[in-house]
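[1] This is a predicted model, with the sequence first.
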Amino acid sequence: MDVIDGYFADYPVSEEEPDAVDTDEIVTAVAKVVAEMTCGMEGAQRQAMIDRLTQEVANYDAEFRQQDALGPAASGARH
């Protein structure tokens, strides 16, 4: 979490659009966190963590798409 906080300290949200979400910044912040967490790991272990992250993203994407397809009657609770 310190890496994400540090990233947004270095690259603050625009004052003109404080509620705007820059997806590129979020992806970069997540990538930096994963890289920092895995930099000391052996190659296979590091690749396994990256593969797991990729799979988790795909799983949540599928879950959220399914919930969105169900419309407003579906539960608004998400992880």
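    Right, received. Where do you want to start?

[2] Can you give me the domain boundaries for this structure?
    1-38, 42-69 (automatic domain parsing).

[3] any idea which of those scores lowest on pLDDT?
    Lowest mean pLDDT of the domains of the chain: domain 1-38, a mean of 77.

[4] Can you pull the phi and psi angles for the residue positioned nearest the centre of the chain?
    When Cα atoms, centre = their mean is applied to the chain, the residue found nearest the centroid is Val30 (5.2 Å). Main-chain torsions, Val30, degrees, to the nearest 10: phi -60, psi -40.

[5] Could you measure from Val57 over to Gly6?
    22 Å (Cβ to Cβ, to the nearest Å). Every C-beta, even on glycine, is put in place using the N, C-alpha and C of the backbone.

[6] The protein: helices as residue ranges?
    2-10, 23-38, 43-70 (DSSP state H).

[7] Could you dump these into JSON lines with distance to Glu17 added?
    Shown next, in JSON lines, are the helices of the chain (distance: least, Cβ to Cβ, whole Å):
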{"stretch": "helix 2-10", "distance to Glu17": "15"}
{"stretch": "helix 23-38", "distance to Glu17": "12"}
{"stretch": "helix 43-70", "distance to Glu17": "24"}
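
[8] Can you tell me which of those helices is nearest to Glu16?
    helix 23-38 (15.2 Å; Cβ to Cβ).

[9] tell me the angle that closest one makes with helix 43-70.
    140 degrees (axes from the mean of the first three to the mean of the last three Cα atoms, to 10 degrees).

[10] other SSEs contacting helix 23-38?
    Helix 23-38 makes packing contacts with helix 2-10, helix 43-70 when contacts are defined by 3 or more Cβ pairs under 8 Å, 6 or more residues apart in numbering; DSSP states H and E.

[11] Kindly reformat those helices as CSV containing mean neighbour count and distance to Glu16.
    Listed next are the helices and strands packed on helix 23-38 as CSV, based on neighbours: other Cβ atoms under 10 Å; distance: least, Cβ to Cβ, whole Å:
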stretch, mean neighbour count, distance to Glu16
helix 2-10, 12, 16
helix 43-70, 11, 29
